[in-house]
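Asks: Quick one: sequence plus predicted model below, questions after.
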Amino acid sequence: MLDTLVARYAYPRARVCVLCGRNCYRFLPYRGQGHASLPSMIAAIGIVGSNLDQFECPWCGCHDRERHVFMYLVSAGILADLTGKTVVHFAPEPHLLKCILKAAPASYTPCDLLPSAAGIQRVDMLSMPFADASVDLLIANHVLEHVSSYQLALAEVLRVLKPGGSAIIQTPFSGGLERTWEDPGIVSDIARLQAYGQEDHARLFGRDIFREFASSGLVPLVKTHRESLPEFSGSRFGVNEDEPFFLYTKAQLQEGD
């Protein structure tokens with residue numbers, strides 16, 4: 001509680017949460033420790049994902065990855081263009097959910113494999129109950145590191161997207177790991193923590209992640225933070241500037257297809 005009070009009220013309150021609009025002295029670190037909470041091997045090879053040292057807003061509780069996706073959605077003009085669209089949102093973050101609903105999509109489906117709140121539908125990303133080419137925007141923010149097969153998940157994303165539809169599939173990865181690493185023998189919480197960086201992760205993506213995602217048939221429109229949000233300091237807004245915007249689209253049908 002003391003840490004939260006300090007984070008809220010100490011000076012200077014130079015940091016800003018883009019979701020609740022409040023200023024604070026600092027964002028709260030992940031699990032109270034930030035990067036110090038990472039196993040030594042994971043820290044050594046470097047993970048591009050959450051800003052663990054500036055993780056949680058002390059006012060509204062939103063996490064850095066939720067803030068970052070919101071910023072990317074705004075900068076790309078996607079949020080402003082959701083009126084009348086069909087949106088599917090896996091593991092829906094509560095503040096982002098409200099922003100999407102405010103944009104008045106024609107259909108919005110918040111879903112999860114294991115729903116933890118009322119109003120969230122049970123949906124397996126590896127077998128979605130949505131018709132082919134029926135979704136304008138699919139959001140899966142830090143989800144693919146949890147599923148049993150990211151290849152099947154990406155194939156499903158491609159199937160349900162409309163031609164020209166978009167998918168936002170933010171996922172942590174290691175720039176120091178040449179290839180994505182997973183092993184079926186790594187099953188216990190402690191083993192997954194040590195191997196992948198979190199107890200419920202199923203793999204650690206390497207720098208082949210961009211090639212792997214593109215091999216699914218999705219067309220990459222990936223941009224860096226600097227390209228999309230050059231005026232937004234990661235320190236001031238509590239996000240990781242090294243995390244790119246994992247934006248993908250489904251190719252438009254050509255005449256005669």
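Replies: Looks like it came in fine.
Asks: what about the residue lying closest to residue 195 once chain neighbours are set aside, helix or strand, and which?
Replies: Nearest residue to residue 195, sequence neighbours excluded (Cβ to Cβ, 6 or more residues apart in numbering): residue 186, at 5.0 Å. Glycine gets a C-beta too; all of them are placed from N, C-alpha and C. Using DSSP states H and E, residue 186 is not contained in any helix or strand.
Asks: now the strands: where do they sit in the stretch 101-250 of the chain?
Replies: 107-112, 121-122, 135-140, 161-168, 219-220, 247-249 (DSSP state E, counting those that start in this stretch).
Asks: pretty sure residue 165 is touching residue 138, no?
Replies: Yes. Shown here, residue 165 and residue 138 form a contact pair, counting by Cβ atoms under 8 Å, at 7.4 Å.
Asks: Comparing these two, which shows the higher neighbour count?
Replies: Using other Cβ atoms under 10 Å, the more surrounded residue of residue 165 and residue 138 is residue 138, with 26 against 21.
Asks: I figured the more buried one hits residue 162, correct?
Replies: No. If you go by Cβ under 8 Å, residue 138 and residue 162 don't touch, sitting 10.2 Å apart.
Asks: dump the residue contacts of the residue nearest to residue 17 when sequence neighbours are not counted.
Replies: Excluding the flanking residues, the one nearest residue 17 by Cβ to Cβ, 6+ apart is residue 57, at 4.2 Å. Shown in contact with residue 57 (Cβ atoms under 8 Å, 6 or more residues apart in numbering): 17, 19, 20, 22, 24, 27, 28, 63, 67, 238.
Asks: so residue 108 touches residue 84, yeah?
Replies: No. Taking contacts as Cβ under 8 Å, residue 108 lies outside contact range of residue 84: 11.5 Å.
Asks: neighbour count winner among the two?
Replies: residue 108 (18 against 11).
Asks: Is the more buried one bridged to anything, and to what?
Replies: residue 87 (DSSP bridges).
Asks: buried stuff in the helix or strand bottoming out on mean pLDDT in the chain?
Replies: In the chain, no helix or strand scores lower on mean pLDDT, DSSP states H and E than helix 40-45, which sits at a mean of 88. Along helix 40-45, these residues count as buried under the neighbour rule (16 or more other Cβ atoms under 10 Å): residue 42.
Asks: and it, what other elements does it pack with?
Replies: helix 189-196 (3 or more Cβ pairs under 8 Å, 6 or more residues apart in numbering; DSSP states H and E).
Asks: Alpha carbons of the helix it packs on, as PDB, please.
Replies: In PDB, the C-alpha atoms belonging to helix 189-196 read as follows (Å, rounded to 0.1, in the frame of the first residue of the first chain):
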ATOM      1  CA  ASP A 189       5.400 -24.200 -13.200                       C
ATOM      2  CA  ILE A 190       9.000 -23.800 -12.000                       C
ATOM      3  CA  ALA A 191      10.400 -25.400 -15.200                       C
ATOM      4  CA  ARG A 192       8.300 -23.000 -17.400                       C
ATOM      5  CA  LEU A 193       9.300 -20.000 -15.300                       C
ATOM      6  CA  GLN A 194      13.000 -20.900 -15.700                       C
ATOM      7  CA  ALA A 195      12.700 -21.800 -19.400                       C
ATOM      8  CA  TYR A 196      10.200 -19.400 -20.700                       C
END
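Asks: hang on, residue 59 packs against residue 16?
Replies: No. Residue 59 is beyond contact range of residue 16, at 10.6 Å (criterion: Cβ under 8 Å).
Asks: residues shared between the contacts of those two?
Replies: The contact lists of residue 59 and residue 16 share 22, 24, where a contact means Cβ under 8 Å, 6+ apart.
Asks: Can you list the buried residues in the next helix-or-strand element following the least confident helix or strand of the chain?
Replies: Per DSSP H and E, the first helix or strand lying C-terminal to helix 40-45 is helix 64-75. Residues of helix 64-75 classed as buried: 64, 65, 66, 67, 68, 69, 70, 71, 72, 73, 75 (neighbour count, 16+ other Cβ under 10 Å).
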